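Novice: sequence first, predicted model second:
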Amino acid sequence: MNKNLWKRMGTEKVNEYITRIQELKNLPTLPIIATEILRIVREDRLSVNQMLPVIEKDPPLAMKILHIANSAYYGVRREIKSLRNAIVMLGLNEISRIALAFSVIRVLSPKDGEIDWRDLWRHSIACGYIAQIIAERVGLGIYDGLYSLGLLHDVGKIILYKVDSDNYLKMFEEIKNGSGEDCEMKYFGLTHEEAGEIVASKWKLPVEFVTVIGHHHNVDGIDDEKLKDIAAIINIADYLTYLIDMNFASTETVESIEMLSGWKCLSAKFDFIRDLTSESVKDEVRSNLVRIKELIMQEEI
């Protein structure tokens, strides 16, 4: 459990909302297809023969992939009718990202309320892609699941909404004029990081998901060095979503990328990161802006 949350255990508000999250009856389990994809990616067993039967179990997803494969963006000269051919054409990594995004977004997005949750998923998808760009830019090929972590890092925001939607809506309005994390603490006694960590544990997600979801704004709270590096990448990517107007009820209040806990973590370890400037990283994201936005459009429900 998050160390900060552990210290606050025992207070009435914290206990109340932890109990609500743990007993949440309308929280779906992680989709089977998402669980399968995460397992295949984690075990480094991506292949057409592994992915095809998983996708075939979900006809809407299969149709989505065929639609994307035949979109003008990929410039195919003849119609692709076979799901296998679509997987080969798009590439296994791309397919795994699309499949995971589609299945998770479809099952978790609230169907009612005053908040457009598509903005959260646009932010999350952008965070996943930017995390991969950062890792490639700085030479940190540390984890193949960066996209998945970007996709799920803010799942705690939906959880807080589900346990008390009225309270969340009041908080959501207040966030516009102040710190998101302070508002979450005021209304719930815990942050979306902590709520997300509880649910990730409940879903029995891999330890890297539980840890990064629970610490993506405070990477110093992670003891494992590899997991800290991964969380640092997500922390920086989350901040950079501002550049493409893809932030959502952000809890990040730092004024520059150098002040991020993630940036401090990586620059303290790697000389080549210390030599980078915030502008060089921002330029890398800006140079991929069109690509990122097109990918986000493809993966929306």
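Specialist: That came through fine.
Novice: in the helix of greatest length in the chain, what's buried?
Specialist: The single longest helix within the chain, with elements called by DSSP state H, is helix 118-138. Buried residues in helix 118-138, counted by 16 or more other Cβ atoms under 10 Å: 120-135, 137-138. Heads up, the C-betas are built off the backbone N, CA and C, glycines and all.
Novice: now stretch 54-65
Specialist: Residues of stretch 54-65 classed as buried by neighbour count (16+ other Cβ under 10 Å): Val54, Ile55, Asp58, Leu61, Ala62, Lys64, Ile65.
Novice: how about stretch 223-231?
Specialist: The neighbour-count check on stretch 223-231 (16+ other Cβ under 10 Å) flags Leu227, Lys228, Asp229, Ile230, Ala231 as buried.
Novice: quick one: distance of it to the chain centre.
Specialist: 16 Å (Cα atoms, centre = their mean, to the nearest Å).
Novice: what comes into contact with it?
Specialist: 140, 142-143, 146, 149, 207-208, 211-212, 215-216, 219-220, 222, 262, 265-266, 269 (Cβ atoms under 8 Å, 6 or more residues apart in numbering).
Novice: mark which of those residues are buried, thanks.
Specialist: Among the contacts of stretch 223-231, those scoring as buried are 140, 143, 146, 149, 208, 211-212, 215-216, 219, 222, 262, 265-266 (criterion: 16+ other Cβ under 10 Å).
Novice: excluding chain neighbours, what is closest to Ser165?
Specialist: Gly113 (6.1 Å; Cβ to Cβ, 6 or more residues apart in numbering).
Novice: re earlier: narrow the buried residues of stretch 54-65 to those in helices?
Specialist: Val54, Ile55, Leu61, Ala62, Lys64, Ile65.
Novice: what about Asn49, how many neighbours?
Specialist: Residues near Asn49, counting by other Cβ atoms under 10 Å, number 9.
Novice: next one: Gly189
Specialist: Close neighbours of Gly189, defined as other Cβ under 10 Å, add up to 18.
Novice: same deal with Pro53?
Specialist: Counted with other Cβ under 10 Å, Pro53 comes out at 9.
Novice: gap between it and Ile40?
Specialist: For Pro53, the distance to Ile40 (Cβ to Cβ, to the nearest Å) stands at 11 Å.
Novice: in the protein, what secondary structure element scores lowest on mean pLDDT?
Specialist: helix 3-8 (a mean of 57; mean pLDDT, DSSP states H and E).
Novice: so where's the stretch 201-301 of the chain uncertain?
Specialist: By pLDDT under 70, the weakly predicted segments of the stretch 201-301 of the chain are 249-255, 272, 274-278, 295-301.
Novice: on that earlier part again, CSV for the buried ones among the contacts of stretch 223-231, including secondary structure and distance to Phe248?
Specialist: Converted to CSV, the buried ones among the contacts of stretch 223-231 look like this (DSSP: H, G, I helix; E, B strand; the rest coil; distance: Cβ to Cβ, whole Å):
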residue, secondary structure, distance to Phe248
Leu140, coil, 25
Tyr143, coil, 23
Leu146, helix, 19
Leu149, helix, 16
Glu208, helix, 23
Thr211, helix, 22
Val212, helix, 18
His215, helix, 19
His216, coil, 14
Val219, helix, 20
Ile222, coil, 23
Gly262, helix, 18
Cys265, helix, 23
Leu266, helix, 24
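Novice: closest one to Asn15 out of those, please.
Specialist: Nearest to Asn15 among the buried ones among the contacts of stretch 223-231, counting by Cβ to Cβ, is His215 at 21.5 Å.
Novice: and the helices in the stretch 201-301 of the chain, which stretches?
Specialist: Ranges of helices in the stretch 201-301 of the chain, per DSSP state H, counting those that start in this stretch, are 207-215, 225-240, 261-269, 271-274, 278-287, 289-299.
Novice: quick one, which of those is nearest to Phe172?
Specialist: helix 225-240 (18.0 Å).
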